[in-house]
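Asker: build me a structure from this.
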Amino acid sequence: MATPSACAGLVEVLPRLLRARRSLVGTTPAPATATLAAVRDGGAPRLSEVAELLGLDLSTVSRQVAHLRQRGLLTAAPDPQDGRSQRLSLTEAGAAELRWHRRALVETLVTRLADWDDAEIDRLTQLLDRFARSGDPGTGATCAEPAACRATAAPAPHTPPADHPGHHLQRNA
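Answerer: A predicted model of the protein is given here:
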C-alpha cells in the first residue's frame, strides 16, 4: 500500500520527469503529434472524443485539427450515425508524420539512455505505464480502495492564501 512518505518522494520526481519529457520532445510539435496519435488511437473519433482523449478544451483541439487538416495530415468524413458530426482519420501523410516523430524520439532515447540496459528500460516502461494507468477510469485499472481512488481522482484545485508569495504561480497547478 502506498504511504504518504513514499508518494512525497514521487512528488519530488514529477517536475524532473516533466522537464525530461520536454527535453526529449525538443522542437517536436507536441500538440500536433499528440492530436495525430489521439486520432489514430481513437479509431476515427469525433472532434469531441479527441478533446476528451487529450484532456483538452474542444476549442483548442478544434484549432489544432483545422491546422492538421490544412496540412493534409487529417481528413474528416460525415459520421454515418449523425450527419451533423464528422469522424476524423489520419491521411497517409499523417501516419508517416507520426512514424517519423516516433523514430526521432526512439533515436533520442537510445542516445540518452546509452548507459542503461534493456532490462532497466523495460522495468521503467512497465512502472511508468502502471503509473499512467493507476486510477484512470478509462484503462480498467483497479484500486485497492475504490472510495479513496474516487476521492483523489479529481482533487479540488489548490488555492493558496492571498498573502502566499507564489500565489500567482499556482493557477494551473
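Asker: alpha carbons only for contacts and neighbour counts from here, please
Answerer: Noted.
Asker: wait, residue 79 sits on residue 88?
Answerer: No. Using C-alpha atoms under 8 Å, residue 79 is not in contact with residue 88, being 9.2 Å away.
Asker: which one's more surrounded, those two?
Answerer: Set residue 79 next to residue 88 and count neighbours by other C-alpha atoms under 10 Å: residue 88 wins out with 25 against 15.
Asker: is that one in a helix, a strand, or coil?
Answerer: Here residue 88 is recorded as strand under DSSP: H, G, I helix; E, B strand; the rest coil.
Asker: which ones are touching it?
Answerer: Taking C-alpha atoms under 8 Å, 6 or more residues apart in numbering, we find residue 88 in contact with 39, 44, 45, 46, 47, 74, 75, 76, 77.
Asker: bridged to it, which residues?
Answerer: Beta-bridge pairing of residue 88 under DSSP bridges involves residue 76.
Asker: quick check: closest non-adjacent residue to the residue nearest the centre of the chain.
Answerer: Closest to where the C-alpha atoms of the chain average out (C-alpha atoms, centre = their mean) is residue 54, at 6.1 Å. Nearest non-adjacent residue to residue 54, counting by C-alpha to C-alpha, 6 or more residues apart in numbering: residue 38, 7.0 Å away.
Asker: how about the contacts made by the one you found?
Answerer: Counting by C-alpha under 8 Å, 6+ apart, the residues that residue 38 touches are 50, 53, 54.
Asker: please identify the helix or strand for residue 101.
Answerer: Following DSSP states H and E, one finds residue 101 within helix 92-112.
Asker: again with residue 131
Answerer: Secondary structure from DSSP H and E places residue 131 in helix 118-133.
Asker: now do that helix: distance to the chain's middle.
Answerer: Here helix 118-133 shows a centroid-to-chain-centroid distance of 16 Å under the convention C-alpha atoms, centre = their mean, to the nearest Å.
Asker: tell me where this protein has strands.
Answerer: Taking DSSP state E as the criterion, the chain carries its strands at 74-78, 86-90.
Asker: among those, which is nearest residue 66?
Answerer: Proximity to residue 66 (C-alpha to C-alpha) singles out strand 74-78 among the strands of the chain, at 8.7 Å.
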